[in-house]
Each structure stands twice: as structure tokens, then as C-alpha cells.
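Undergrad: quick check, what structure comes out for this input:
(chains A and B)
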Amino acid sequence: DVKVTQSSRYLVKRTGEKVFLECVQDMDHENMFWYRQDPGLGLRLIYFSYDVKMKEKGDIPEGYSVSREKKERFSLILESASTNQTSMYLCASSLSPGRQAFFGQGTRLTVV
Amino acid sequence: GQQLNQSPQSMFIQEGEDVSMNCTSSSIFNTWLWYKQDPGEGPVLLIALYKAGELTSNGRLTAQFGITRKDSFLNISASIPSDVGIYFCAGQLRDSNYQLIWGAGTKLIIKP
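TA: Have a look, this model is predicted:
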């Protein structure tokens, strides 16, 4: 069974903290994605990666960075967390960019 | 960025009713995907469509890739309580080689 695993279901962080969200997939997929989900706005792409050490900005990259040192792992970094980054964060992977994406269970991040 | 118009935004229905939702765009798509998200979880793929005119069923769910390639619909027949959740459409643009474009979601609520 295919699996995308996010390291935390819930996180509470303070404003200004550096935050790491980790995602691991076991499907040997080339492509990995980070989305944030807010009510009424659907899924918005933050960053994606189509290969190790490669990354591309999505629609809302400001305030975020990513790291892909190994094929199976894609990390999202909030350099200095702010309250407007309180959201649900979803990681996904796919065999090719336009094909079905498999999602992790999500990380609900609260910045106080 | 590109937009998908997904409607309705939410639906309140009685158990046993049929449900219909759709996504439209002014752009042409190569792929349409329909996902369901249960509360507190990541989205899970329901149906994938790769050809204009394609009609695909998955149990009580039926989805179609519009002939114009600019729209898709999802129908759920004889709704049951576990159908509650948020349904998302996603598509890959014809002239794009990467990432999916997402609708804002349709929230399905079943009245007791």
C-alpha cells in the first residue's frame, strides 16, 4: 500500500520560530509537493520538487523554503513563523506531475 | 495563477439523495482528478479521467471528462452518511508539464 507520511499531525509554534515539516514517501516517486489548505481557498501549492535537490516555487512560496536531499524525503521550512502561516499543510507525491497525487495525513500548524 | 471554478461550494442534502458537483475553466485540460477529504485527513483519489468524453464509475460515484476538455462533473448516487467530507477537483492543463490546478472544494453535509 502506497504511503506518504508527515512527521506531525499537530504542531504549535511561537512567532519567529524556525519550523520544519517533514514528509516521507515510500513509492519511489520523482515528484513531491507541499500545499497549504485554508477554508474556502482549497489547496494552494507552496513548492514542488521533481528530483533530488531540485525545487520549484508554487503559487505561494513567500515565507517558506524546502529541502530535498533524498528522493523519499521533502521538507518544508518556515524560516520565521508568523501567525498568518497557521494552516493545514499537506504533502503529496506523484509518479509524474499531472498524474494522481498521493497525500499525507496533513499537519495542522498553529503559530501563536 | 490558473483557476478552476468548482461548484457548489457546499451542499446540504438528505441521506439517500443524489449529489452533483462540477468544475469548469476557460482553459483546456489533459487530466481531471476527483478527490475526497475526510475531516482531519489528506485528500484521497476517487476517480481519474484522462480522455475527453470519458465516463468512469467507482461504486456509487460517477465522473465525466467534458467533451470540450474545459469541465468535469462528479455525481454521487444514493448518498450515505460516510459521503460527508470535502470533494476536490484537480486538473492538469494541456499546455503545462507540471502540477495540478485545484478547485476550492465542495463541502458535502448530510442532514440527519
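Undergrad: contacts, neighbours, all on C-alpha from now
TA: Fine.
Undergrad: could you tell me which residues of chain B lie near chain A?
TA: Within chain B, the positions near chain A by C-alpha under 8 Å from any C-alpha of the partner chain are B:1, B:31, B:33, B:40-45, B:48, B:88, B:91-92, B:97-100, B:102-105.
Undergrad: at 6 Å what do you get?
TA: Contact residues, chain B versus chain A (C-alpha under 6 Å from any C-alpha of the partner chain): B:41, B:42, B:92, B:98, B:99, B:100, B:104, B:105.
Undergrad: element containing the second one, please.
TA: Spelled out, that is residue B:42. Per DSSP states H and E, residue B:42 falls between elements, in no helix or strand.
Undergrad: burial count for it?
TA: By other C-alpha atoms under 10 Å in any protein chain shown, 22 other residues sit near residue B:42.
Undergrad: isn't it right up against residue A:108?
TA: No - assessed by C-alpha atoms under 6 Å, residue B:42 is found out of contact with residue A:108, at 11.0 Å.
Undergrad: do you know the pLDDT at residue A:2?
TA: Per-residue confidence (pLDDT) for residue A:2: 68.
Undergrad: centroid residue for chain A?
TA: In chain A, the centroid-proximal residue (C-alpha atoms, centre = their mean) is residue A:34; its distance is 2.9 Å.
Undergrad: next, that residue: secondary structure please.
TA: On the three-state scheme (DSSP: H, G, I helix; E, B strand; the rest coil), residue A:34 is labelled strand.
Undergrad: that one: what's it in contact with?
TA: Contact analysis of residue A:34 by C-alpha atoms under 6 Å, 6 or more residues apart in numbering or on different chains lists A:46, A:47, A:90, A:91.
Undergrad: again with residue A:91
TA: Neighbours of residue A:91 in contact, by C-alpha under 6 Å, 6+ apart: A:33, A:34, A:103, A:104.
Undergrad: surely it is in a helix?
TA: No - going by three-state DSSP, the assignment for residue A:91 is strand, not a helix.
Undergrad: in the sheet, who's paired with the residue in chain A that chain B sits nearest to?
TA: Closest contact between chain A and chain B, by C-alpha to the nearest C-alpha, is at residue A:42 (3.9 Å). Beta-bridge partners recorded for residue A:42 (DSSP bridges): residue A:38.
Undergrad: burial count for it?
TA: Residue A:42, neighbours per other C-alpha under 10 Å, totals 20.
Undergrad: do the same with the one 4 residues further on
TA: With neighbours defined by other C-alpha under 10 Å, the count for residue A:46 comes to 23.
Undergrad: is it true that it touches residue A:60?
TA: Yes - at 4.9 Å, residue A:46 and residue A:60 qualify as touching, with contact defined as C-alpha under 6 Å.
Undergrad: just give the number of residues close to residue B:100.
TA: By other C-alpha under 10 Å, 22 other residues sit near residue B:100.
Undergrad: need the phi and psi values for it.
TA: With angles defined as degrees, to the nearest 10, residue B:100 sits at phi -80, psi 150.
Undergrad: just give the nearest non-adjacent residue to it, would you?
TA: Spatial nearest neighbour of residue B:100, chain neighbours left out: residue B:92 (4.9 Å); criterion: C-alpha to C-alpha, 6 or more residues apart in numbering or on different chains.
Undergrad: ok, residue A:99 next?
TA: Looking at residue A:99 with C-alpha to C-alpha, 6+ apart, the closest residue is residue B:31, at 7.6 Å.
Undergrad: beta partners of the one you found?
TA: Residues in beta-bridge contact with residue B:31 (DSSP bridges): residue B:92.
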